[in-house]
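>>> Based on what follows, work out the 3D shape:
(chains A and B)
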Amino acid sequence: MGLDIKLPIGLMFTIFGIILTVYGMFTNSDPQMYQKSFLVNINLWSGIGMLIFGIVMLALTKRKKPEKE
Amino acid sequence: MEMSFDLKWIDYLVMIIYFVFVLGIGWALKKFMKDANAFLEAGRSMPAWVAGLAFISTNLGALEVMGMTGSGAKYGMLTTHFYWVGAIPAMVFLAMFMMPFYYGSKARSVPEYLKLRYDEKTRGLNAILFAVMTILSSGISMYALAILTEKVLGWNFHVSLLLSAAIVLGYTYLGGLSSAIYNEVLQFFIIVIGLLPLVFLSLHQVGGWEGLQSQLAPVAASHGYEPDAYTTMWRHSGTAGGNPLGVEWYGILMGLGFVLSFGYWCTNFLIVQRAMAAESPRAARNTPLIGAIPKMFIPFLIIVPGMVALALMNNPAAQFTIPTNEAGQPIYDYTIISLLKYYLPSGALGLGITALLASFMSGMAGNISAFNTVWTYDIYQSYIRPTTANKEADDKHYLKVGRLATIFGVLVSIAAAYLASMFGNIMDFLQTIFSMINAPLFAVIFLGMFWKRSTGHAAFTGLLAGFLVALLHHGLTVPAGATTLVKGGWIAALHVYPVEMAQNFWTAIFAFTTSALVTVVISLLTRRTKSNDELVGLVYSLTPRMKEDHVVWYKRSSTLAVVVLLIATILTIMFW
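This next block holds a predicted model:
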């Protein structure tokens, strides 16, 4: 089936990553918001994590398919 | 604790983006859906890693995620028995010994394997039971989703029911099994990534694993167990009363580790279908093995937070509660909802909720895509309109039937969801009954694959006998404290089990044993109808072994199988 699933996965997590990272940066000064997560800016951190994951997935789609055995 | 969430725009944004991608994948695959094979079998073209992640994702439905987190809060670390002993050995067995026959026989479904190996009536019985069961399960998860969104997000029950049905219908109708599989891979990642923050924050709060152990020790003592009863697996399984699960070691090993898990993983077409869609015999064999690797670590994702919930519930300072029913009993299935609400701020919360919605979708789509295959090939093609000489016209025709079956399946699921909303108990009962078909089915397929002497008449009788004994056992025994007949004892209460789990294990053990015995005895009494030549590719002793000599040792399935078993053993010893 001619669809490389890594492409939509990579795209989706890159978008999620950007959204949450930016949201995390904007809400960083709001102490109330991160009270429940023990002052850990969980949005920023999971945003960065997803961004890296998304970019790695996108990079893997560029890799040439290995020859079939 | 008030259950409803206060979601912000960002949470909805995450959810909407996810649904756009889900439907987009279906849309992108639409142009490849040219015949029934592409639509119903994904053209047997999936790479092993895609099929493997889909394999595990189908199993990671919402009822599993919610149920296992709840069990973590109820039974503690013993819940991991459902993984390391209750799944991994069966998955390895499926991969190494059964996949070569399922895949190599060119059967397009598990019922069709029964037809090739035994006869038409065995296939018919299995196909019809399976079709009814999948639609029922899909309806039940649709109902659970709608109830949840009503309570948690404040959405209208009917709107969320129809909306979720429409999304699942949308992407399975457009892209068939391929779309279901690709989306399962996407769902796998969103479930893992969406729930990871919960693991970190919950462990952070209790001070890591050691902290959790010391906080659960007084809880165990207050229930009359040894201090480490909630944080160990086997240590207190010498007696049923010594551990929170209420089952002793041989019940766990035989009931869960053998009959229930082999019955589920090795015969359930919903799961096996993912491996059958793999691109080559080797990929098909690797599918369950690749799926087994994430499977081993899922306990840390969903059970450990459940255990933290148990510690928090017993710590008044934490101010953590889970919702209760009218009788004041905690609803353990909602543990994960309470955890999400307790820990996650807007943003990460949207991601967590999306993960939960994704797990519902993956369960429903899995059921629908297995249903339309069994309906089209095993019921419609066998009994209503057989193939004709014109292959091209046939292909087009069965593609159309497969598509219509998808719509039909979703419509019946919606009806089942409404039935569940009116007669919840009846649906629970039906689900219990249908869960009984797996154990006898495993006995019959196992004997079929490894004993060439077993016959069609024997298999059919064995299936029926196993099912009837399961019913009988359920009707004659009750778990302690049962208040409705749905839990058993609807004939007479001859025996009382300490917990429902023990009753389930023993139902499965009785069903399996009966079915195996009946199949063996009747096989010896009846004449073989299939010659050795007809059974090549279907029976172990008559089929040439799959050779792996040409593959470097570290790429062989057998190496991967050993690695998987080794990791599972190490994990078991670590948490003994």
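
>>> Tell me which residues touch residue B:466, please.
B:436, B:439, B:440, B:443, B:444, B:511, B:512, B:514, B:515, B:518 (C-beta atoms under 8 Å, 6 or more residues apart in numbering or on different chains). Any C-beta I mention is one placed from the backbone N, CA and C, and that applies to glycine too.

>>> Helix, strand, or coil at the first one?
In three-state terms, and counting by DSSP: H, G, I helix; E, B strand; the rest coil, residue B:436 is helix.

>>> Against residue B:37, how distant is it?
Distance, residue B:436 to residue B:37, using C-beta to C-beta, to the nearest Å: 33 Å.

>>> likewise the fifth one?
Taking C-beta to C-beta as the criterion, residue B:444 is separated from residue B:37 by 27 Å.

>>> returning to that earlier point: higher neighbour count, residue B:436 and residue B:37?
Neighbours were counted for residue B:436 and for residue B:37 using other C-beta atoms under 10 Å in any protein chain shown; residue B:436 has more, 24 against 18.

>>> list the contacts for that one?
By C-beta under 8 Å, 6+ apart, the contact set of residue B:436 is B:466, B:467, B:470, B:471, B:474, B:507, B:508, B:511.

>>> Sketch out the low-pLDDT regions of the chain for me.
Using chain A. A:1-2, A:64-69 (pLDDT under 70).

>>> Please refer instead to chain B.
By pLDDT under 70, the low-scoring segments of chain B are B:1-3, B:424, B:427.

>>> can you list the residues of it near chain A?
Counting by C-beta under 8 Å from any C-beta of the partner chain, chain B comes close to chain A at B:10, B:13-14, B:17-18, B:21, B:24-25, B:28-29, B:32, B:38, B:42-43, B:45-46, B:50, B:178, B:182, B:185-186, B:189, B:193, B:196-197, B:201, B:204-205, B:342-348, B:351, B:551.

>>> count of neighbours near the closest residue to chain B within chain A?
Going by C-beta to the nearest C-beta, chain B is nearest to residue A:43 of chain A, at 3.9 Å. When neighbours are counted by other C-beta under 10 Å, residue A:43 registers 31.

>>> By neighbour count, sort out the buried ones in the residues of chain B next to chain A.
Buried members of the residues of chain B next to chain A, counted by 16 or more other C-beta atoms under 10 Å in any protein chain shown: B:10, B:13-14, B:17-18, B:21, B:25, B:28-29, B:32, B:38, B:42-43, B:45-46, B:50, B:178, B:182, B:185-186, B:189, B:193, B:196-197, B:201, B:205, B:342-348, B:351.

>>> Now flag whichever of the contacts of residue B:466 is closest to residue B:79.
residue B:439 (21.1 Å; C-beta to C-beta).

>>> Relative to residue B:360, how far out is that closest one?
As judged by C-beta to C-beta, residue B:439 and residue B:360 stand 27 Å apart.

>>> quick one: which of these two has more around it?
Shown here are residue B:439 and residue B:360; by other C-beta under 10 Å, residue B:439 has more neighbours (30 against 24).

>>> And that one, which helix or strand is it part of?
Using DSSP states H and E, residue B:439 sits in helix B:438-450.

>>> Now do that helix: distance to the chain's middle.
In terms of C-alpha atoms, centre = their mean, to the nearest Å, the centre of helix B:438-450 is set 18 Å apart from its chain centre.

>>> Can I get it in CSV? Just the C-alpha atoms.
The C-alpha trace of helix B:438-450 is given here as CSV (Å, rounded to 0.1, in the frame of the first residue of the first chain):
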residue,chain,number,x,y,z
ASN,B,438,-12.0,-18.6,22.9
ALA,B,439,-10.8,-21.4,25.1
PRO,B,440,-12.6,-24.2,23.2
LEU,B,441,-11.5,-22.7,19.9
PHE,B,442,-7.9,-22.8,21.0
ALA,B,443,-8.2,-26.5,21.9
VAL,B,444,-9.7,-27.2,18.4
ILE,B,445,-7.2,-25.1,16.5
PHE,B,446,-4.2,-26.5,18.5
LEU,B,447,-5.2,-30.1,17.9
GLY,B,448,-5.8,-29.2,14.2
MET,B,449,-2.4,-27.8,13.7
PHE,B,450,-0.4,-30.4,15.7
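
>>> what comes up buried for it?
Going by neighbour count (16+ other C-beta under 10 Å), the buried part of helix B:438-450 is B:438, B:439, B:440, B:441, B:442, B:443, B:444, B:445, B:446, B:447, B:448, B:449.

>>> Please determine how far the nearest residue to the first one once chain neighbours are set aside is located from chain A.
Here the nearest residue to residue B:438 in space, its sequence neighbours aside, is residue B:263; by C-beta to C-beta, 6 or more residues apart in numbering or on different chains that works out to 3.7 Å. Distance check for residue B:263 against chain A: by C-beta to the nearest C-beta, to the nearest Å, it reads 31 Å.

>>> How many residues are close by residue B:263?
Residues near residue B:263, counting by other C-beta under 10 Å, number 25.

>>> ok, now residue B:327?
For residue B:327, the count of nearby residues is 6 (other C-beta under 10 Å).

>>> helix/strand/coil for it?
Quick answer, by three-state DSSP: residue B:327 is coil.

>>> just residue B:548 next, same as before
Three-state assignment for residue B:548 (three-state DSSP): coil.

>>> Do a quick rundown of the strands in chain A.
Taking DSSP state E to define them, one finds no strands in chain A.

>>> I'd like to know which residues of it are adjacent to chain B.
A:1-3, A:5, A:8-9, A:11-13, A:15-16, A:19-20, A:23-24, A:27, A:33-34, A:36-38, A:40, A:42-43, A:45-47, A:49-50, A:53, A:69.

>>> Just the buried residues from the residues you listed, in PyMOL please.
Selection of the buried residues among those in PyMOL, burial being defined by 16+ other C-beta under 10 Å:
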select buried, chain A and resi 1+3+5+8+9+11+12+13+15+16+19+20+23+24+27+33+34+36+37+40+42+43+45+46+47+49+50+53
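
>>> Select from the residues of chain A next to chain B every entry located in helices.
Taking DSSP state H, the ones among these that sit in helices are A:8-9, A:11-13, A:15-16, A:19-20, A:23-24, A:42-43, A:45-47, A:49-50, A:53.
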